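Visitor: what would the 3D arrangement of this be:
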Amino acid sequence: MSTANKSKYTAEDIVALEGLEPVRKRPGMYIGGVGSAGLHHLVWEILVNAVDEAMNGHATEIIVTLHKDSRTVSVSDNGRGIPVDKHPKTKTSALEMVLTLLHAGGKFEGKNYKTSGGLHGVGASAVNALSKQLIAVVRRDGEQYKMEFSQGKPITNLQKAKGTFRGSGTTITFTPDPTIFPKTEFNSDTIRQRLEVTSFLHRGVRVTYHDETTGNKVTYFHENGIVDYLGKVITERGASTIHDQAFTVFKEGDERIELALKWTESTDEHVRSYVNGIPTGSGGTHENGFRAGLGKAVRNFIETHNLTPRGVKFSPEDIREGLVAIVSVFVAEPQFQGQTKD
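Guide: Numbering: from 1, shown residues only. Presented below is the predicted three-dimensional model:
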């Protein structure tokens, strides 16, 4: 082969993406893809920030709105509101920082959030990068501030509204970028189902969903948390339970553990697990530990009360046959596989 045909490969060919360019160049790394799952992941990223405020006792209400165009979503909470004062390093507002810089946020040192679903300081800025338009409205200290962005870049300065405003919180309204996503219409039922589960996992938090495409509005509020969730899952599965009272564990401390389980007449097991309110469909050490602990507890009970039939050995699978369980843990430093937190 002639060396004359070989292309040159020099330092000039090395590209360093800056700001939010990596997100727009490789969105799959941040939201899992640009299909339906990735599109809805934008909503989950903004939602988890609102939930983090509630999880740490700073908010009691979350409102999610699917607007009439079915392509625009607003997520609002009555938490503390994203800080708007200037950061000493960047000399820009903290609001602009968290929406335009990767790995910028208040959840790294554990001082403002004991536990959180948002961990990497990436979610909100990734949503901003992948949005045709994003509008952030913050209410703090009797003031209201607004800033607009497009494709991750500010298109207005931080604007302070005239007058005095009651309450505090953050509202993020965004429209996905059609140059990134082949389809930008959200599925209303997908959003509604996620919000209902959120209300189960964070008992006492009021979650409202307003679907402007149909005019429907629903509010979820579950004081019994995952116990109510367990009943809903069993009903949906159409399984008959073999005992009335659910077995529950609620343990508070540095880490919070919530378990609710029942055995049914079904032949399979069904476990739904969560870490800091994030669904862990692929399982994890929390789910493995639950299964191991449950098997040990049941075997100990059987042996202590001499309930083992002669010549019969129970396998872990036998013990879990027909089990339906909700496992929800809250820890300070969860280890997820990536930004999509599978």
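Visitor: CA atoms for contacts and neighbours, from now on please.
Guide: Will do.
Visitor: so which residues of the stretch 151-300 of the chain form strands?
Guide: Applying DSSP state E, counting those that start in this stretch to the stretch 151-300 of the chain gives strands spanning 153-154, 159-160, 169-176, 206-211, 216-220, 247-251, 256-263, 270-275, 278-279.
Visitor: which other helices and strands does the fourth one contact?
Guide: Identification of packing neighbours for strand 206-211 by 3 or more CA pairs under 8 Å, 6 or more residues apart in numbering; DSSP states H and E yields strand 61-66, helix 188-201, strand 216-220.
Visitor: Ser188 and Lys68 touch, don't they?
Guide: No. Using CA atoms under 8 Å, Ser188 is not in contact with Lys68; the gap is 11.2 Å.
Visitor: which of the two has more neighbours?
Guide: The neighbour comparison of Ser188 against Lys68 (other CA atoms under 10 Å) goes to Ser188, with 17 against 13.
Visitor: how close does that one sit to Arg71?
Guide: As judged by CA to CA, to the nearest Å, Ser188 and Arg71 stand 10 Å apart.
Visitor: domains in the chain, by residue range?
Guide: According to automatic domain parsing, the chain comprises the domains 21-220, 226-330.
Visitor: please work out the average pLDDT along the longest one.
Guide: Pointing back at domain 21-220 there. Domain 21-220 shows an average pLDDT of 90 in the prediction.
Visitor: for the residue nearest to Asn216 when sequence neighbours are not counted, give the beta-bridge partners.
Guide: Residue nearest to Asn216 in three dimensions, not counting chain neighbours: His210, with 6.1 Å by CA to CA, 6 or more residues apart in numbering. On the basis of DSSP bridges, His210 is bridged to Thr65, Lys217.
Visitor: what about His210, how many residues close to it?
Guide: 20.
Visitor: from start to finish, how long is stretch 139-147 in a straight line?
Guide: Distance between the two ends of stretch 139-147: 12 Å, counting by CA to CA.
Visitor: got the contact list for it?
Guide: Outside stretch 139-147, the residues that touch it by CA atoms under 8 Å, 6 or more residues apart in numbering are 80-81, 83-84, 135-138, 154-161, 163-170.
Visitor: let's see it at 7 Å
Guide: By CA atoms under 7 Å, 6 or more residues apart in numbering, the residues outside stretch 139-147 that reach it are 80-81, 135-138, 156-161, 164-170.
Visitor: thinking again about what came up before, tell me the most buried of the helices and strands packed on strand 206-211?
Guide: Among the helices and strands packed on strand 206-211, strand 61-66 has the highest mean neighbour count (mean count of other CA atoms under 10 Å), at a mean of 23.
Visitor: buried sites along the longest strand belonging to the chain?
Guide: Across the chain, the longest stretch assigned as strand under DSSP state E is strand 131-140. Neighbour counts over strand 131-140 (16 or more other CA atoms under 10 Å) mark Ser131, Lys132, Gln133, Leu134, Ile135, Ala136, Val137, Val138, Arg139, Arg140 as buried.
Visitor: where do the helices sit along the protein?
Guide: 21-25, 28-31, 36-55, 94-100, 123-129, 188-201, 226-237, 285-304, 316-320 (DSSP state H).
Visitor: what does the first one contact?
Guide: When contacts are defined by CA under 7 Å, 6+ apart, helix 21-25 is touched by residues Tyr30, Ala126, Ala129, Leu130.
Visitor: the third one contacts Gln151, doesn't it?
Guide: Yes. Ala129 is in contact with Gln151 according to CA atoms under 7 Å; the separation is 4.7 Å.
Visitor: determine the residues that are contacts of both of those two.
Guide: Residues touching both Ala129 and Gln151 (CA under 7 Å, 6+ apart): there are none.
Visitor: compare those two and say which is more crowded by neighbours.
Guide: Per other CA under 10 Å, whichever of Ala129 and Gln151 has more neighbours is Ala129, with 28 against 21.
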